[in-house]
Structure formats: structure tokens, C-alpha cells
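Engineer: Have a look; sequence and predicted model below, questions after that.
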Amino acid sequence: MLKKILVAVAAILALAAAFVATRPSDFKVERSATLAAPPAVIYATIADFSRWSAWSPWARLDPAMKGTVTGTPATVGHAYAWSGNDQVGEGRMTITGLAPGERVEIRLEFLKPWEATNATVLSIQPAGTGSRVTWTMTGTNGFMMKAAGIFMNMDAMVGADFERGLASLGTVTQAEAAGLPVDPR
């Protein structure tokens, strides 16, 4: 009897593993918003990691988060490393490509609570008197993230953070464009 139970459990686990293995490996999360600020102001804000705490959706999740900025803003190699509570974890972002006034490409490395490396791009297009900003993150899921994706909608979770971040970026850059002081948080 015990042998039949073990065989059944093994078969169920094998089927579950096979199902997880069929899940897509690649993912993409993308959100866009039209902001009431010119591309140059937005670019200057996103290409300088020392300015991210004023608008990043994750900075508010852990006000005690430790961050270190290295390198020259708006240059390849400019980086930001952070360590915080369970909500923000630990990781680093490094600028890997730039198109001044149009695009910032970032290698996003999560170190804790899990390890992952993703590509992130913030692109800016003129839109009337403002700008259309698109925030995109792409990457590859390993087996464990594929399994987690069965129970969690990563697009909805990360997408909601992107939406909050874009809204905050709009508030900050609109104030900057108007010459008003910005709370650096």
C-alpha cells in the first residue's frame, strides 16, 4: 500500500514538474504614461540614480533602505546598489546604454530574496507639450520563478509598481520643469 502511495505521489510530482517546465521562460513587463514634462527633464531624472529616491515606487516601501550610487550620472557604468527590508531586498542597477533625451538601458540585478538579472529600459518620446515614457523589463524565468508564476501574476505585480513609479516620475519632473523644489526623500 505504501508503495502505491509513493508511486502516486511521484507521478503527481513528475506531472507538476512537467507542467512547470512548459511555462514560458521569457517574460516582459511594460507600462507607459504621458507625463507633463519635456524629454530632457525626464531623461536627466532617470539617468541619475541619485535622483531615483524622489520617484521610485520601491523607495517608499523601506524608508531605511541603504543605497550607494557610483559613477558619473548619465554615463554607461553609473550604478546604484541597495539593501533593504523584505519588500525591497538587495540588488543593483547599472546603466548599460544611453540615447540622450530618449532612452536609458539598465542591467537590473536582484541578489536577495532571490537572484535574477533582467534588462530594463526607460524610453522617452515627445508627446505634445510633454513626453510619453515607457518602462520595460524583460528577462528569463528559471524553474522556480516559472513555478511561482503559476500562483502569482508577475505582470500585474511589477506592472503596478511601474505604474506608481511613472506617476511619481510625472509629479517630480513636472515640478522640476516648472522650477519648483522637489522632495528628494
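Structural biologist: Perfect, thanks for sending it. Residues are numbered from 1 along each chain as shown.

Engineer: Which SSE is immediately downstream of the lowest-mean-pLDDT helix or strand in the chain?
Structural biologist: Ranked by mean pLDDT, DSSP states H and E, the weakest helix or strand in the chain is helix 143-151, scoring a mean of 59. The first helix or strand that comes after helix 143-151 along the chain, using DSSP states H and E, is helix 154-177.

Engineer: Who are the packing partners of that following helix?
Structural biologist: With contacts defined as 3 or more CB pairs under 8 Å, 6 or more residues apart in numbering; DSSP states H and E, helix 154-177 has these neighbours: strand 26-35, helix 39-46, strand 130-140. The way it works is simple: take the backbone N, C-alpha and C, and place the C-beta from them, glycine included.

Engineer: For the second one, buried residues please.
Structural biologist: Looking back up the chat, that one is helix 39-46. Across helix 39-46, burial judged by 16 or more other CB atoms under 10 Å covers 39, 41, 42, 43, 44, 45, 46.

Engineer: In this structure the first one contacts residue 103, no?
Structural biologist: No: applying CB atoms under 8 Å, one finds residue 39 not in contact with residue 103, separated by 10.1 Å.
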